[in-house]
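A.B. asks: Provide a 3D model corresponding to the input given below.
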Amino acid sequence: MRVGPLDRRCSLLKSDREKRPGGGASETWTEVGKAWAEITIPTGRIAAVADQMTAVVTAEIRVRYRKSIVAGMRVSCASDTYLIEAALPDAGRVMLRLLCSNVVNP
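C.D. replies: Numbers count the residues shown, from 1 in each chain. Prediction:
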């Protein structure tokens, strides 16, 4: 099998939320797998969020089909992290197109 354009090794992350006894919750992201991916950045824009200007980057990430990849998970490649907004399988369920937005790491 040829890798072709799937040339980036990425981690798939799932949220683990814990409720705190005094109220509130803590959220951690746990790696649930790795995947070879092709990443394209079709758009980028500047937006006002909470009275601050911030860059919003959307990405399209293609990976081999996995039933376990769903919206709300994250994809981390090198120093970039993306939130999966939608996971769209192709007609033959061979590839999965992930529509993502960037996550700003503090």
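
A.B. asks: Report the residue spans of this structure with pLDDT below the cut-off.
C.D. replies: 1-3, 44-50, 52-55, 105-106 (pLDDT under 70).

A.B. asks: was I right about Pro42 contacting Glu60?
C.D. replies: Yes: using CB atoms under 8 Å, Pro42 makes contact with Glu60 at a distance of 5.9 Å. C-beta coordinates here come from the backbone N, C-alpha and C atoms, glycine included.

A.B. asks: Neighbour count: these two, which is higher?
C.D. replies: Glu60 (16 against 9; other CB atoms under 10 Å).

A.B. asks: Do I have it right that that one meets Leu99?
C.D. replies: Yes: between Glu60 and Leu99 there is a contact at 6.1 Å, judged by CB under 8 Å.

A.B. asks: how about the strands in the protein?
C.D. replies: Taking DSSP state E, the strands of the chain run over residues 8-19, 25-49, 52-64, 74-77, 80-89, 95-102.

A.B. asks: So what are the sheet partners of the last one and their directions?
C.D. replies: For strand 95-102, sheet partners with direction are given as strand 52-64 (antiparallel), strand 80-89 (antiparallel), following DSSP bridges.

A.B. asks: go on, the longest one?
C.D. replies: Based on DSSP bridges, the pairing partners of strand 25-49 within the sheet are strand 8-19 (antiparallel), strand 52-64 (antiparallel).

A.B. asks: Residues contacting that strand, please?
C.D. replies: Under the criterion CB atoms under 8 Å, 6 or more residues apart in numbering, residues 3, 5-20, 53-64, 66, 68, 73-75, 77 lie in contact with strand 25-49.

A.B. asks: distance between that strand and the chain's centre?
C.D. replies: 3 Å (CA atoms, centre = their mean, to the nearest Å).

A.B. asks: List the residues that contact Glu85.
C.D. replies: Neighbours of Glu85 in contact, by CB under 8 Å, 6+ apart: Ala71, Leu99, Cys100, Ser101.
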